[in-house]
Each structure stands twice: as C-alpha cells, then as structure tokens.
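Engineer: Give me a 3D structure for the following:
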Amino acid sequence: MGTVGEKEGTKTTQTDLHLKIVTEMFPTGVVVDINRAQRCIIGGQVAQAIPHMHTKMAGWKNFEHFLFWQLYWCHGMLGDFTAASEYSKRLMAESKWSPAVYTFMHALALVRTCPKNAK
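Structural biologist: As a prediction, this is how the structure comes out:
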C-alpha cells in the first residue's frame, strides 16, 4: 500500500519511519498530528484519525478549513452526519473557496440527518 499524494506512492512503512523521526523532533507539532490522522485514514482507522485533527492553530483560517474538510468526510464515512453537517456549516460561513461545494456538502449531510418519512 502506498501513501496518498505521490505519483508512484511510497510504502506506508517508509512513511511511518519518517513520521516517527519527525514526531521525535516535534512531539506536539500540528503537522505531526495531521500526518497521524492521514495515516489512520489511509489505514482505514477513520475514528482514530478524528482526535488528531484539532484546531490548535486558532487564527490560521486556511488550516482550520482544511481540518473542517477532513473532519466532514471522516464523520460522513462513520455515518455521523450531524457532526459532518457542523463542519460543512462552518465551511459555508467562513470559507470563500467554493460556496457551491460547501453548500452541496451541507445539503447532503442534512438529508442524511432527516427522518426517512420527512424526505
């Protein structure tokens, strides 16, 4: 299995070694936490990824929006559409990147939270 974002892919054992080295250098680093989260997602451990995606970087909106995007999809994969809708709502309110995409994501989450007879 290879990592995401590389043309040929890198074996996850190699990225795990890199993550271990970087973690020793910056044990509480935000980038380390994000890499831990991504490794969990790649390994199919979506629920374990969520605690690593916290917004320590208050005030750095682009970074927070990246985390909200990731958290939306993690909660969606777990079937927790109420939590997913909270992140899409924040993206709609705070980000100007793509209002149409965020509105669509939010609508999808809301549809999944409605009782079946309300649809």
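Engineer: C-alpha only now, for contacts and for neighbours.
Structural biologist: Will do.
Engineer: Just the pLDDT for the residue positioned nearest the centre of the chain.
Structural biologist: The residue lying closest to the centre of the chain (C-alpha atoms, centre = their mean) is Q70, at 1.8 Å. For Q70, the pLDDT comes out at 94.
Engineer: Could you check the helix or strand of the chain with the lowest mean pLDDT and say which residues are buried?
Structural biologist: Least confident helix or strand of the chain, by mean pLDDT, DSSP states H and E, is helix 12-25 with a mean of 82. Neighbour-count burial for helix 12-25 flags 12, 19, 23 (criterion: 16 or more other C-alpha atoms under 10 Å).
Engineer: coming back round to it: can you tell me the helix or strand for the residue nearest to the centre of the chain?
Structural biologist: Assigned by DSSP states H and E, Q70 belongs to helix 61-77.
Engineer: residues making contact with that helix?
Structural biologist: Helix 61-77 is contacted from outside by 46-47, 49-50, 53-55, 57-58, 81, 83-85, 87-88, 90-91, 95, 109, using C-alpha atoms under 8 Å, 6 or more residues apart in numbering.
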